[in-house]
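**Q** Pasting a predicted model and its sequence here:
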Amino acid sequence: MTETSNPHQQSPQLKPPRNVNYDLLRCVAMCLVIGVHVVNNYMPVKMTLTGSAETVRFTLFVIFMTCNPLFIMVSGRFNLTFDAGTGRTHQKMLPLRSETSASDTNSKASDGSRQPNQSDSAAISDSSVSMDSATASSFASFRPYLRYYYKRFVSLIFPYLFYAGALGFTAYLVMDHRSLASAATGTLYDLFSGYDDSVYWFVFMLAGFVLATPFMAPMLRAIGRAGAWLLIGLAAAVAAAEQICSLFGYPLTFLSSFPWRGLLFYYLLGYVLEFYPPSVRARRATYIIAPFALAWTVATPVLFPGHPAQVNRTLTVAYAVVVAAIFLFFRYDVHVRSDRARKAIIWLAGYSYTIYLVHSPLSKVAIGRFLPTPTNGIQYAVISVAMFAATFLAALLFAIIADNLLLKPLQRFLRKVRI
């Protein structure tokens, strides 16, 4: 006797394999951000370059500054898969589903379930039970959002408060010789009010994107491929119009009201490039255009004096092409087949966020002050490479020790809290 399988029966879904390319992107962005602080924040203090040497330094700075958009794109790719039904994010895109609250279901059931022979007292009793269940379900409907926000707090905000707070407080005590009260006041200001001049501005900005994620995620699933690419195109067009008019002295201030502008563009782009990827031909065209876009970005301050290179916290189409080319290359055209290499990349990516948080104070306090001052371009390059290597190794060693002894046990404890 043969068994016929039920075509509508859902088979248990296996967890999809880990995409090591995103771990590789985290590692690349981590190395790039260390390079930014070496070639732009520290070495220019040691020696000011001129001529072709300065052009090389500035070109490297522009390339290294892709670290921030890359981090944002990786975060957007995973966070924007948020599912309001579970309060979790997923590795693959979920279909948009129409969610009916329990309160609506209960009210509909109560409307049509009363029989002609029911007494008024029974109806009142059923009504009160329905109201109680509706109230309970309304509170329960907030739990997925609270659960998501709490998880993001544990993974994003808590490490920032822990490491940046501890290192900042120690620096105020040891380096500036402040009192305990003054050190605490300075640390609190740096943690929560230092967006403009802090090396941690990325955390402030990403936290805002995370707050809006539960509402952007269903929107992106609802608009589909055509709507998502239209949104990206509109955001790019607005950025192009803003930059062109600003370069020629006619700023379009009214475009500042467009909500999908600035670095939020990259948060959305990371999701779109994963779930609605361009064709192979489009990727290759992006790779061809990217060097010219990089050259334009580097040349902009020279061609238009008084206008800084738009690579920091603003959005330009040319620089977005450079960032997209790097993202697409490491996401789709780099294939890591060695098991040892995959394990090494995943292991290093696990410490990338901590390395980002601690590398800057370590480089200033424990490394940079002991390096000699260069006298020519060759010494400048050698000292820069030495500072990069020393900063990377010191931050990695710090992350391995501090994460395993302090941060991860605290995070495991916090994750036991049920919401």
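**A** Arrived safely. Numbers count the residues shown, from 1 in each chain.
**Q** For the host helix or strand of Leu146, enumerate the helices and strands it packs against.
**A** Assessed by DSSP states H and E, Leu146 sits inside helix 143-152. In terms of contacts (3 or more C-beta pairs under 8 Å, 6 or more residues apart in numbering; DSSP states H and E), helix 143-152 is packed against helix 201-247. (Each C-beta comes from the backbone N, C-alpha and C, glycine too.)
**Q** Just the mean pLDDT for the helix or strand following the helix it packs on, thanks.
**A** Per DSSP H and E, the first helix or strand lying C-terminal to helix 201-247 is helix 264-275. Helix 264-275 shows a mean pLDDT of 95.
**Q** Show the subsequent helix or strand relative to helix 264-275.
**A** Immediately after helix 264-275, counting by DSSP H and E, sits helix 280-303.
**Q** Buried residues in that following helix, which are they?
**A** Within helix 280-303, the residues that qualify as buried are Arg283, Thr286, Ala290, Ala293, Leu294, Trp296, Thr297, Val298, Thr300, counting by 16 or more other C-beta atoms under 10 Å.
**Q** That helix vs helix 201-247, what angle?
**A** 70 degrees (axes from the mean of the first three to the mean of the last three C-alpha atoms, to 10 degrees).
**Q** Identify the residues contacting stretch 335-350?
**A** Arg18, Val20, Asn21, Tyr22, Asp23, Leu24, Arg26, Cys27, Met30, Leu396, Asp403 (C-beta atoms under 8 Å, 6 or more residues apart in numbering).
**Q** at 10 Å what do you get?
**A** 18, 20-31, 74, 355, 396, 399-400, 403, 408 (C-beta atoms under 10 Å, 6 or more residues apart in numbering).
**Q** and what of stretch 244-258?
**A** 234-235, 237-239, 241-243, 261-262, 300, 303-304, 306-307, 310, 314, 316-317.
**Q** Quick check: buried residues in the helix or strand containing Phe78?
**A** Per DSSP H and E, Phe78 falls inside helix 67-79. Residues of helix 67-79 classed as buried: 67-79 (neighbour count, 16+ other C-beta under 10 Å).
**Q** now that helix against helix 264-275, angle please.
**A** Going by the same axes, to 10 degrees, helix 67-79 makes 50 degrees with helix 264-275.
**Q** Any stretches of the chain with poor pLDDT?
**A** Along the chain, segments meeting pLDDT under 70 span 1-15, 84-139, 194-197.
**Q** who's in contact with Asn404?
**A** Asn404 neighbours (C-beta under 10 Å, 6+ apart): Tyr351.
**Q** quick one: it from Ile34, how far?
**A** Remark: distance between Asn404 and Ile34 (C-beta to C-beta, to the nearest Å) = 21 Å.
**Q** thinking again about what came up before, buried ones in the helix holding Leu146, by neighbour count?
**A** Result for helix 143-152 [16+ other C-beta under 10 Å]: buried residues Pro144, Tyr145, Tyr148, Tyr149, Tyr150, Lys151, Arg152.
**Q** still on that earlier bit, and the contacts of stretch 335-350, which of them are buried?
**A** Looks like the contacts of stretch 335-350 have 20-31, 74, 355, 396, 399, 403 buried, using 16+ other C-beta under 10 Å.
**Q** In a helix, Thr81, correct?
**A** No: checked against DSSP: H, G, I helix; E, B strand; the rest coil, Thr81 lies outside a helix; its state is coil.
**Q** Which of the buried residues of helix 280-303 sits closest to Phe392?
**A** Leu294 (24.2 Å; C-beta to C-beta).
**Q** Check whether the closest one really touches Ala320, as I assumed.
**A** No: assessed by C-beta atoms under 10 Å, Leu294 is found out of contact with Ala320, at 11.6 Å.
**Q** Show me this protein divided up by domain.
**A** 25-53+335-418, 223-304+314-324 (the TED database).
**Q** just so I know, which of those lies nearest Tyr200?
**A** It is, among these and with distance given as C-beta to C-beta, domain 25-53+335-418, at 7.4 Å.
**Q** and the closest one, how far out from the chain's middle?
**A** Relative to its parent chain, domain 25-53+335-418 has a centroid offset of 18 Å by C-alpha atoms, centre = their mean, to the nearest Å.
**Q** What of stretch 287-304?
**A** 25 Å.
**Q** And for it, what's in contact with it?
**A** By C-beta under 10 Å, 6+ apart, stretch 287-304 touches 55, 58-59, 61-63, 65-66, 243, 246-249, 286, 307-311, 316-326, 328-329, 333.
**Q** so what's Pro214 up against?
**A** Asn79, Leu80, Phe82, Asp83, Ala84, Gly87, Pro144, Tyr145, Tyr148, Tyr149.
**Q** same check, this time on Ser352
**A** Counting by C-beta under 10 Å, 6+ apart, Ser352 has contacts 23, 25-31, 33, 71, 74, 395-396, 399.
**Q** Among the residues you listed, which ones are in helices?
**A** Mapping the contacts of Ser352 onto helices (DSSP state H) picks out 23, 25-31, 33, 71, 74, 395-396, 399.
**Q** Between the two ends of stretch 351-370, what distance do you get?
**A** Stretch 351-370 has an end-to-end distance of 26 Å (C-alpha to C-alpha, to the nearest Å).
**Q** and that stretch, which residues are buried?
**A** Buried, per 16+ other C-beta under 10 Å, within stretch 351-370: 351-364, 367-368.
**Q** now, which of those residues sits nearest Phe202?
**A** Tyr356 (7.8 Å).
**Q** so how far is stretch 257-267 from its chain's centroid?
**A** Counting by C-alpha atoms, centre = their mean, stretch 257-267 comes out at 13 Å from the chain centroid.
**Q** Extract the CA atoms of that stretch and return them as CSV.
**A** Output of stretch 257-267 as CSV, limited to C-alpha atoms (Å, rounded to 0.1, in the frame of the first residue of the first chain):
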residue,chain,number,x,y,z
SER,A,257,12.2,67.3,3.5
PHE,A,258,12.6,64.1,1.4
PRO,A,259,12.6,61.4,4.1
TRP,A,260,14.8,58.8,2.3
ARG,A,261,17.9,60.9,2.0
GLY,A,262,21.4,60.8,3.5
LEU,A,263,22.9,57.6,4.9
LEU,A,264,19.5,56.0,5.3
PHE,A,265,19.9,55.3,1.5
TYR,A,266,22.6,52.8,2.3
TYR,A,267,20.5,51.1,5.0
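**Q** sorry, back to before: make a PyMOL selection of the buried ones in the contacts of stretch 244-258.
**A** To isolate the buried members of the contacts of stretch 244-258 in PyMOL, using 16+ other C-beta under 10 Å:
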select buried, resi 235+238+239+242+243+261+262+300+310+314+316+317
